[in-house]
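Engineer: Here is a sequence with its predicted model. Questions after.
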Amino acid sequence: MAKAIFVRETGGPEVLSFEEQEVAAPGPGQVKLRQSAIGLNFIDTYQRSGLYPVQTPFIGGNEGAGVVTAIGEGVSHLQVGDRVAYQGQIGAYATERLAAADRVVPIPEGVDDQTAAAVMLKGLTAYYLLFKTWALAEGETILWHAAAGGTGLIATQWAKSLGATVIGTAGTDEKVDHARRHGCDHVINYNSEDFAVRVRELTEGRGVDVVYDGVGKATFEKSLDCLRPRGLMVSFGNASGVVSIPDVTVLARKGSLYVTRPTGNAYFSTREDLLEGARMLFKAIANGAIKVQIGQTFPLADAAEAHRALEARQTTGSVVLLP
């Protein structure tokens, strides 16, 4: 019997329930997977808490990797035994699951399942932020908040390989050191320094071209002070709370700034876009531009403990749940 982590009512990590479930045969356009590794992401906590509404009950999690064990009608690009990975399909916290076949991608030789599960959502997020939301160019300067986190470590390495100057922030001296070792030219401890003042010092008053902010409420307003005129503020997460701009004229006063709130659903709406992003991601891993850091692993049954660690900012790099 398969097992899964259910959310039957929204709330704190305590609502996560480890239960048995029967997984049906795949329907048209579906595959059945035996999962080997599952990625943990902040979106999982937003869905669990109710910040991002999902109809209950549901199985948590949004990315994973495993082996195809059965194929539904109409699926011709996959075979039983293929190693595949996916992101953006809720229901990942399970030993077995059904998945939409057109939203899974093959795992290339040389990439293990834990690495694939650790990078699909975070790595593809880094891909569209660096290549699509703002096509980062050599010589540009960026600020990346939470640079020692899972997405941060992937993105800052990738940005550095593109020739950017990378400024990161982190909340502890240990995380500052970790981020500095993985792609950042400069790292600011935002609990002991005013990061906006420090960014201006590091850029000799100019400001950065782009701020990438997955932290949200705690960093948003001060991040606007880090941007050069007509720079871009990219808000892509809410780890500290949801951002609001009650007075949009603040963007004019701070230099005709741009603000965007991108999501993977919009950037990977077609399979072609998904495959191109995955190709670029796995290529960056293969050529050493990205060295994937799996900071912690937890048994799937301990998903609540993993959520607590993530929300308490006690994790570095990617976190993987093991079925």
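Structural biologist: Received, thanks.
Engineer: count of neighbours near Glu276?
Structural biologist: When neighbours are counted by other CB atoms under 10 Å, Glu276 registers 14. To be clear about C-beta, it is placed using only N, CA and C from the backbone, and glycine gets the same treatment.
Engineer: any idea which element it lies in?
Structural biologist: Glu276 is part of helix 271-286 when elements are defined by DSSP states H and E.
Engineer: do Lys32 as well
Structural biologist: Lys32 belongs to strand 30-39 when assigned by DSSP H and E.
Engineer: residue closest to the middle of this protein?
Structural biologist: By CA atoms, centre = their mean, the chain has its centre lying nearest to Lys122, at 2.8 Å.
Engineer: After the one helix or strand that one maps to, which helix or strand is next?
Structural biologist: Using DSSP H and E, Lys122 sits in helix 113-128. Toward the C-terminus, helix 113-128 is succeeded by strand 141-144 as the next helix or strand (DSSP H and E).
Engineer: buried stuff in the helix or strand following that following strand?
Structural biologist: On the C-terminal side of strand 141-144, the nearest following helix or strand under DSSP H and E is helix 150-161. Neighbour-count burial for helix 150-161 flags Gly150, Thr151, Gly152, Leu153, Ile154, Ala155, Thr156, Gln157, Trp158, Ala159, Lys160 (criterion: 16 or more other CB atoms under 10 Å).
Engineer: Also stretch 68-78?
Structural biologist: Val68, Ala70, Ile71, Gly72, Val75, Leu78.
Engineer: and that stretch, average pLDDT?
Structural biologist: Here the mean pLDDT over stretch 68-78 is 97, rounded to a whole number.
Engineer: Endpoint to endpoint, it covers what distance?
Structural biologist: The first residue of stretch 68-78 is 8 Å away from its last residue (CA to CA, to the nearest Å).
Engineer: So which residues of this structure form helices?
Structural biologist: Across the chain, reading from the start of the chain, the helices by DSSP state H fall at 42-49, 113-128, 150-161, 173-180, 195-202, 220-224, 250-253, 264-267, 271-286, 303-311.
Engineer: I'd like those helices as a markdown table, with mean pLDDT and distance to Asp82 appended.
Structural biologist: Formatted as a markdown table, the entries for these read as follows, by pLDDT from 0 to 100; distance: least, CB to CB, whole Å:
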| stretch | mean pLDDT | distance to Asp82 |
| --- | --- | --- |
| helix 42-49 | 95 | 25 |
| helix 113-128 | 96 | 12 |
| helix 150-161 | 95 | 24 |
| helix 173-180 | 93 | 35 |
| helix 195-202 | 98 | 45 |
| helix 220-224 | 94 | 42 |
| helix 250-253 | 94 | 47 |
| helix 264-267 | 94 | 23 |
| helix 271-286 | 97 | 14 |
| helix 303-311 | 97 | 26 |
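Engineer: Can you check which of the ones you listed gets nearest to Pro28?
Structural biologist: Distance to Pro28, taken as CB to CB, is lowest for helix 271-286 among the helices of the chain, at 16.0 Å.
Engineer: Partner strands of the strand holding Lys32 and their direction?
Structural biologist: Strands adjacent to strand 30-39 in the sheet, as given by DSSP bridges, are strand 63-71 (antiparallel), strand 96-100 (antiparallel), strand 318-322 (antiparallel).
Engineer: quick one: buried residues of that strand?
Structural biologist: The neighbour-count check on strand 30-39 (16+ other CB under 10 Å) flags Gln30, Val31, Lys32, Leu33, Arg34, Gln35, Ser36, Ala37, Ile38, Gly39 as buried.
Engineer: shouldn't the last one be in contact with Gly64?
Structural biologist: Yes. A contact is recorded between Gly39 and Gly64 when judged using CB atoms under 8 Å, the distance being 6.5 Å.
Engineer: contacting residues for Gly288?
Structural biologist: Taking CB atoms under 8 Å, 6 or more residues apart in numbering as the definition of contact, Gly288 has no neighbours.
Engineer: pLDDT below threshold where in the stretch 1-150 of the chain?
Structural biologist: Low-confidence regions of the stretch 1-150 of the chain, defined by pLDDT under 70, are absent; no residue qualifies.
Engineer: change it to 90
Structural biologist: Low-confidence regions of the stretch 1-150 of the chain, defined by pLDDT under 90, span residues 149-150.
Engineer: Among the strands paired with strand 30-39, which comes closest to Ile5?
Structural biologist: So among the strands paired with strand 30-39, strand 318-322 is nearest, using CB to CB, at 8.4 Å.
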